[in-house]
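[1] quick one: sequence and predicted model below, then my questions.
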Amino acid sequence: MPTGNGVRAAATITIPMTIPKGPMVIDTTAVTERSGTNKGFVFVDDSGAAPTVTNVQISGSNIVLTLSSTPTGTQASQFVEYALKGHDNVAPFNASEIARGNIRDSETDTAVSDPTYIMRNWMVPCRSSVTV
């Protein structure tokens, strides 16, 4: 879970995270990547043409996003959304349109009822402000 706002320098945003059991992992095997996002992340602002997230990296307890360009929207309108992009309200709805993200911790504990099920801690959907 983010522990504070994302901090932007030009086209790079660093988001500080709390990790229940490190290290953080980008997992596109257990959860497939949602089209229209990058590992679940989307950058939004009021420019009418917000830059896209082109890369997601983990650096210690931070998530580092690279944008396609430096944002031009107002500071107050800049946010990073995670696992919030869902279907477009047009039927038919299918699994490829479910909102989701690919960030988890490295928990190895298993469920009491099913020892083959690993109790991973996945990052929860959220919207974080971005400061410069």
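    It's in. As the structure is a prediction and not an experimental result, all values here were calculated from the model.

[2] residue ranges in the chain under the pLDDT threshold?
    Within the chain, the ranges that satisfy pLDDT under 70 run 87-93, 95.

[3] most remote residue from it's center?
    The centre of the chain is farthest from one residue, S113, which by CA atoms, centre = their mean lies 29.9 Å away.

[4] what's the separation between that residue and Y82?
    Distance of S113 to Y82, computed by CB to CB, to the nearest Å: 29 Å. Where C-beta positions appear, they are placed from N, C-alpha and C, glycine not excepted.

[5] hang on, the earlier thing: how far away is the residue farthest from the centre of the chain from A50?
    Applying CB to CB to S113 and A50 gives a distance of 44 Å.

[6] ok, now which ones touch A30?
    By CB atoms under 8 Å, 6 or more residues apart in numbering, A30 lies in contact with R104, R120.

[7] for it, helix, strand, or coil?
    coil (DSSP: H, G, I helix; E, B strand; the rest coil).

[8] V124 contacts L84, correct?
    No: V124 is not in contact with L84 according to CB atoms under 8 Å; the separation is 10.5 Å.

[9] so if I had to pick from those two, which one is more boxed in?
    When V124 and L84 are compared on other CB atoms under 10 Å, the one with more neighbours turns out to be L84, at 19 against 11.

[10] what's the local residue count around the closest residue to the more buried one other than its chain neighbours?
    Distances taken as CB to CB, 6 or more residues apart in numbering place P125 nearest to L84, at 5.3 Å, with adjacent residues excluded. P125: 15 surrounding residues under other CB under 10 Å.
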